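A.B. asks: structure for the following, please:
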Amino acid sequence: MEATLTANELIDATRKALLQSRYTELSLKGIERTWNNLKEYLVQQGLDYFTRDVGVAFLAHRYGLVTQSLSALSPADQDRLRAIDILADFQAHEQIFIRRRNEPEPFAEPWRPIIDAFLMHEKQIGLTSRTIELHMIYLRRIAIYLKTENIVTPAELGAREITDFLRVTADQYRSGTLYCTASLFRTFLRYLHSQGYVTRDLSVFVPPVRGTKRAHVPSAYPPEDIERLLAAVDRCNPKGRRDYAILLLASRLGLRASDICQLTFSDFHWESNTLAISQRKTGNALVLPLLNEVGEAVIDYLKYGRPTINTDVVFLRLSAPIGPLTSPTLHSIVTQYMRRAGITIPPGKKHGPHALRHSLASAMLHHDAALPVISAVLGHTDSETTAIYLTIDLAQLRILALPVPSLRAEWKGIYA
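C.D. replies: Sure thing, here's the model as predicted:
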């Protein structure tokens, strides 16, 4: 499902898919009740887009639902959780999953042992459990197709079977899903070759699929807007002290919202003025200099703003239930101060913590920082990932611009 769909558009598309899956009106009524409450929550938080993290924060805020274990929930809370899961699953995979979340459908035989071994291999090479869960979605589709076509051994796979499967996938799903499916299929075929299941590398028969990863220009704001944002924070109260420290961590160090939310006391190395974390998105280590203004803001919050509870997590909610913040809450914090600062937010432009991360990269480019340096600050393992920020370096793009012939010269050439 394309990330450009707003929450309301996503809900409408998911409802249509539920109707096509023959959900009863009674089932839809309960699901839509939860979705309507979700819409109200999004308006209150100033959010236009849905993510699974937003859904989790909504359930905790509206219903006090903080566990993801079905067996520990009441029937009503199970239905609410299922409504959010349906929305998140359809957003990610364009598919309605009717099975219970704690009873996943097994892989189609006879491919099950091979796929299970491949998933174990992915775990051993360090892929996160969330990534592996996503891969299982695409692998299950592959296994079902192979069983339907009566392909029972890897030796029976060939170019025709591979391209036919991707053609069927292209007919049923959007380009983003096709891109992910093709990428994983290519990896799976390489695994089959490396483990001796097939005598040749069949991944060469997976055609290139254009992805959408770089379809959007990063949302960056100029340095003067970032300063206005920081100046809009009232630091005379606990909330302001907390929010100011969070905004500095995002805008001065470029930390992701998920990393800010999981910061602990042990991550701050005051003796060396560094911040050392394991990035939640990648699992890679990241060490950054703890700038004076950032460190002072964190200390100010710890001394005069942080609730006193028994947890090592640094940034906490200030009202009951007191606990760690979530990424959607950080998005709301940034949006709140952008509006208070009077910063213009054009339609479609991001205005959360990631926009502050983009803004830092843009400012570093403006000051001629090399891509590897920016990659190191942002925690990218590959400078190619950082290269997307070149699209917002207008000063350098102007240098590369070609002169435009005058209209007079063009007409003269025509009639010469």
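A.B. asks: which residue ranges of the stretch 201-350 of the chain form strands?
C.D. replies: Applying DSSP state E, counting those that start in this stretch to the stretch 201-350 of the chain gives strands spanning 268-269, 274-278, 285-289.
A.B. asks: residue 62 is nearest to which of those strands?
C.D. replies: strand 274-278 (30.9 Å; Cβ to Cβ). For every residue, glycine as well, the C-beta is placed using N, CA and C.
A.B. asks: and the closest one, how far out from the chain's middle?
C.D. replies: 21 Å (Cα atoms, centre = their mean, to the nearest Å).
A.B. asks: how about the residue most central in space within the chain, nearest residue that isn't a chain neighbour?
C.D. replies: Using Cα atoms, centre = their mean, the residue of the chain that lies closest to the mean C-alpha position is residue 51, 8.0 Å off. Computed as Cβ to Cβ, 6 or more residues apart in numbering, the closest residue to residue 51 that is not its neighbour in sequence is residue 328, at 7.3 Å.
A.B. asks: equivalent analysis for residue 331, please.
C.D. replies: Excluding its sequence neighbours, the residue lying closest to residue 331 (Cβ to Cβ, 6+ apart) is residue 352, at 3.8 Å.
A.B. asks: and the one you found, what does it touch?
C.D. replies: 257, 330, 331, 334, 335 (Cβ atoms under 8 Å, 6 or more residues apart in numbering).
A.B. asks: if we go to 7 Å?
C.D. replies: Listed by Cβ atoms under 7 Å, 6 or more residues apart in numbering, the contact set of residue 352 reads 331, 334, 335.
A.B. asks: ok, now residue 45?
C.D. replies: 328, 332.
A.B. asks: list phi and psi for it.
C.D. replies: Backbone torsions for residue 45, taken as degrees, to the nearest 10, come to phi -90, psi 0.
A.B. asks: please apply the same query to residue 232.
C.D. replies: The phi/psi pair for residue 232 (degrees, to the nearest 10) is phi -80, psi -10.
A.B. asks: gap between it and residue 371?
C.D. replies: 32 Å (Cβ to Cβ, to the nearest Å).
A.B. asks: distance of residue 195 relative to residue 167?
C.D. replies: For residue 195 relative to residue 167 (Cβ to Cβ), the value is 27 Å.
A.B. asks: swap in residue 127?
C.D. replies: Where residue 167 is concerned, residue 127 sits at a distance of 28 Å (Cβ to Cβ).
A.B. asks: follow-up on the earlier one: I'd like the strands of the stretch 201-350 of the chain laid out as CSV, including mean pLDDT and mean neighbour count.
C.D. replies: Output for these, formatted as CSV (pLDDT from 0 to 100; neighbours: other Cβ atoms under 10 Å):
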stretch, mean pLDDT, mean neighbour count
strand 268-269, 96, 16
strand 274-278, 93, 17
strand 285-289, 92, 15
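A.B. asks: so, low pLDDT: which residues of this protein?
C.D. replies: 1-4, 25-27, 66-72, 97-106, 108, 211-218, 348, 381-416 (pLDDT under 70).
A.B. asks: show me what contacts residue 257?
C.D. replies: Contacts of residue 257 (Cβ under 7 Å, 6+ apart): 327, 330, 331, 353.
A.B. asks: apply 8 Å and report the result again.
C.D. replies: Residue 257 neighbours (Cβ under 8 Å, 6+ apart): 250, 327, 330, 331, 352, 353, 354.
A.B. asks: next one: residue 363
C.D. replies: Residue 363 neighbours (Cβ under 8 Å, 6+ apart): 223, 226.
A.B. asks: so which strand or helix has it?
C.D. replies: If you go by DSSP states H and E, residue 363 is part of helix 353-366.
A.B. asks: quick check: next helix or strand after that helix?
C.D. replies: Per DSSP H and E, the helix or strand that comes after helix 353-366 is helix 371-378.
A.B. asks: against which helices or strands is that next one packed?
C.D. replies: In terms of contacts (3 or more Cβ pairs under 8 Å, 6 or more residues apart in numbering; DSSP states H and E), helix 371-378 is packed against helix 353-366, helix 383-386.
A.B. asks: related to what we said a few turns ago, just the buried residues of the contacts of residue 352.
C.D. replies: Neighbour counting over the contacts of residue 352 (16 or more other Cβ atoms under 10 Å) leaves 331, 334, 335 as the buried ones.
A.B. asks: any idea how far residue 186 is from residue 203?
C.D. replies: 4 Å.
A.B. asks: higher neighbour count, these two?
C.D. replies: Applying other Cβ atoms under 10 Å to residue 186 and residue 203 shows that residue 186 carries more neighbours, namely 20 against 16.
A.B. asks: wait, that one touches residue 206, no?
C.D. replies: Yes. In this structure, residue 186 is within contact of residue 206 by Cβ atoms under 8 Å, at 4.3 Å.
A.B. asks: list the buried ones in stretch 35-46?
C.D. replies: 35, 37, 38, 41, 42, 45, 46.
A.B. asks: one more: stretch 291-299?
C.D. replies: 294, 295, 297, 298.
A.B. asks: can you tell me which of these are in helices?
C.D. replies: 294, 295, 297, 298 (DSSP state H).
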